[in-house]
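>>> give me the fold of what follows.
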Amino acid sequence: MIRKSWVLVGVFLLVIMGTACGSKDLSLNQGKKDEQQEKPQVTTKEPFTGEPLVEENRPAVMVMINNHRAARPQTGLSKADMVIEALAEGEITRFAAFYHSNMEGTVGPVRSVRPYFLDMAKGSHAVVAHAGGSKAALQEINDEKLPSLDGIHKEARRFYRVHFRKAPHNLYTDLQKLHEGANAITNITKNPIVSPYHFNRNGAMEKGQVAKEVHLSYHRLYKASYRYDEESGRYIRYSQGIEQKDRETKEPLTMENVWVIKAPQRVIDSAGHRRIDWDQGGNGMLFQKGKGISIAWKEEDGWIIPLMDGKVAPLIPGKSWINIIPENEKVTWR
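Model (predicted):
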């Protein structure tokens, strides 16, 4: 009996020790998992296009590009990963062009910034390249210490005037110079770009309607349109019925994704400055592969996000153009 009792005690001790050891191992493994979760996820995709990442720890640059009739055709819009277009003063829109994957080549004409364009840059911590700005925009840059490269003030050395256009439509810059300037004033490792966009090759067009041509109005005096090119699988951009081309390359501006969203906006002063309200989000259309689908949109942490059935609508890897039109304007397609 004594021998059997000792055997039972020994087995009991082994079970306890085994359990303890197992608990210790699980604890260590859990610690390793926690450490892995705490480490920032290394992105392998471009934040605006979903294509393979060109360079890690590269800051994004948002360039304010002029769209006055005297500024067309522009240079460098074809190099942008994403372009956001919205009305400035009067019937003229302005382009907020985001550069990340391609930081080489000429861009311009560069124009001044407004507060609602600054809002668009905050999600990606983009350095804003601009030619001055409204009093409210410059005050916001100063008060919030937003990273910017002002082509007519502190950072004028990174910009230059061309002879073939008249001021204020003749200020240009170089993406490499902007890249160098952005690296000098921002810490991208402290503020990494965390993109909210989802990408896949099929996009969101399973239930899409035919949309080979898209026509939209920003103002009774300014309209834009897009035509789908079957061969390339991209839309071609038109301003006022004229195919929009790059001044240097002569190539048409094309993109995989075209969004048209409506946002509340109004003129707030005698100079014609506007305010665009982002808080409530709204409705719009997403066009891909010659089809269109109704979407909702929201602004979150400085990003404009397309939604479909309450989830982030998938984009096709490639370039996007976001058109922000007033609520009383129209978009049609066929």
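>>> the strands in the stretch 101-250 of the chain, which residues?
Counting by DSSP state E, counting those that start in this stretch, one finds strands in the stretch 101-250 of the chain at the ranges 106-107, 127-130, 148-150, 159-161, 171-174, 209-210, 213-219, 222-229, 234-239, 242-243.
>>> run through who's touching the last one.
Here strand 242-243 makes contact (C-beta atoms under 8 Å, 6 or more residues apart in numbering) with 236, 237, 252. Any C-beta I mention is one placed from the backbone N, CA and C, and that applies to glycine too.
>>> any stretches of this structure with poor pLDDT?
Scanning the chain for pLDDT under 70 picks out 1-43.
>>> residues touching residue 84, list them.
Counted by C-beta under 8 Å, 6+ apart, residue 84 has contacts 95, 96, 98, 117, 120, 304, 322, 324.
>>> mind checking which helix or strand the residue lying closest to the last one once chain neighbours are set aside is in?
In this case it means residue 324. Setting aside the residues directly before and after it, residue 324 is nearest to residue 86 in space (C-beta to C-beta, 6 or more residues apart in numbering), at 4.3 Å. Using DSSP states H and E, residue 86 sits in strand 82-87.
>>> which residues are in contact with residue 204?
So residue 204 contacts 286, 288, 293, 295, 308, 313, 314, 315 (C-beta under 8 Å, 6+ apart).
>>> partners of the last one in the sheet?
The partner list for residue 315 in beta bridges (DSSP bridges) reads residue 199.
>>> who wins for most neighbours among the contacts of residue 84?
With neighbours taken as other C-beta atoms under 10 Å, the top of these is residue 96, carrying 27 neighbours.
>>> confirm for me that it is in contact with residue 60.
No - counting by C-beta atoms under 8 Å, residue 96 does not reach residue 60; the two are 11.3 Å apart.
>>> tell me the spacing between residue 303 and residue 172.
28 Å (C-beta to C-beta, to the nearest Å).
>>> hmm, I was thinking of residue 319
21 Å.
>>> return stretch 269-277 as CSV; C-alpha atoms alone will do.
The C-alpha trace of stretch 269-277 is given here as CSV (Å, rounded to 0.1, in the frame of the first residue of the first chain):
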residue,chain,number,x,y,z
ASP,A,269,-17.2,86.1,-47.5
SER,A,270,-17.2,88.8,-50.1
ALA,A,271,-14.0,87.4,-51.6
GLY,A,272,-15.8,84.2,-52.6
HIS,A,273,-14.0,81.9,-50.1
ARG,A,274,-15.8,78.7,-49.4
ARG,A,275,-16.4,76.3,-46.6
ILE,A,276,-16.9,72.6,-47.1
ASP,A,277,-18.5,70.7,-44.3
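>>> what comes into contact with it?
Contacts of stretch 269-277 (C-beta under 8 Å, 6+ apart): 86-90, 114-116, 134, 136, 263-268, 324.
>>> list only buried entries from those residues.
86, 87, 88, 114, 115, 116, 134, 136, 263, 265, 324 (16 or more other C-beta atoms under 10 Å).
>>> any chance of TSV for those, columns distance to residue 160?
Formatted as TSV, the buried ones among the contacts of stretch 269-277 follow (distance: C-beta to C-beta, whole Å):
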residue	distance to residue 160
86	27
87	28
88	23
114	23
115	27
116	28
134	23
136	27
263	34
265	33
324	30
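>>> return the closest of those residues with respect to residue 68.
For the buried ones among the contacts of stretch 269-277, the residue nearest residue 68 by C-beta to C-beta is residue 88; the value is 9.3 Å.
>>> mind giving me the ChimeraX select for the contacts of residue 204, buried ones only?
Command for ChimeraX that selects the buried part of these, burial taken from 16+ other C-beta under 10 Å:
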select :286,288,293,295,313,314,315
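>>> tell me which of the contacts of residue 204 fall in strands.
286, 288, 293, 295, 308 (DSSP state E).
>>> what is the nearest of those residues to residue 200?
For the ones in strands among the contacts of residue 204, the nearest to residue 200 is residue 288 (10.7 Å; C-beta to C-beta).
>>> state the distance from the nearest residue to that closest one once chain neighbours are set aside to residue 281.
Nearest non-adjacent residue to residue 288, counting by C-beta to C-beta, 6+ apart: residue 203, 4.1 Å away. Separation of residue 203 from residue 281 (C-beta to C-beta) stands at 21 Å.
>>> the two: which has the busier surroundings?
Remark: of residue 203 and residue 281, residue 203 carries more neighbours, 22 against 17, as counted by other C-beta under 10 Å.
>>> how about the strands of the stretch 101-250 of the chain in JSON lines, adding distance to residue 49 and mean neighbour count?
Output for those, formatted as JSON lines (distance: least, C-beta to C-beta, whole Å; neighbours: other C-beta atoms under 10 Å):
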{"stretch": "strand 106-107", "distance to residue 49": "17", "mean neighbour count": "20"}
{"stretch": "strand 127-130", "distance to residue 49": "18", "mean neighbour count": "27"}
{"stretch": "strand 148-150", "distance to residue 49": "23", "mean neighbour count": "24"}
{"stretch": "strand 159-161", "distance to residue 49": "26", "mean neighbour count": "17"}
{"stretch": "strand 171-174", "distance to residue 49": "21", "mean neighbour count": "21"}
{"stretch": "strand 209-210", "distance to residue 49": "25", "mean neighbour count": "12"}
{"stretch": "strand 213-219", "distance to residue 49": "20", "mean neighbour count": "18"}
{"stretch": "strand 222-229", "distance to residue 49": "18", "mean neighbour count": "20"}
{"stretch": "strand 234-239", "distance to residue 49": "13", "mean neighbour count": "22"}
{"stretch": "strand 242-243", "distance to residue 49": "23", "mean neighbour count": "12"}
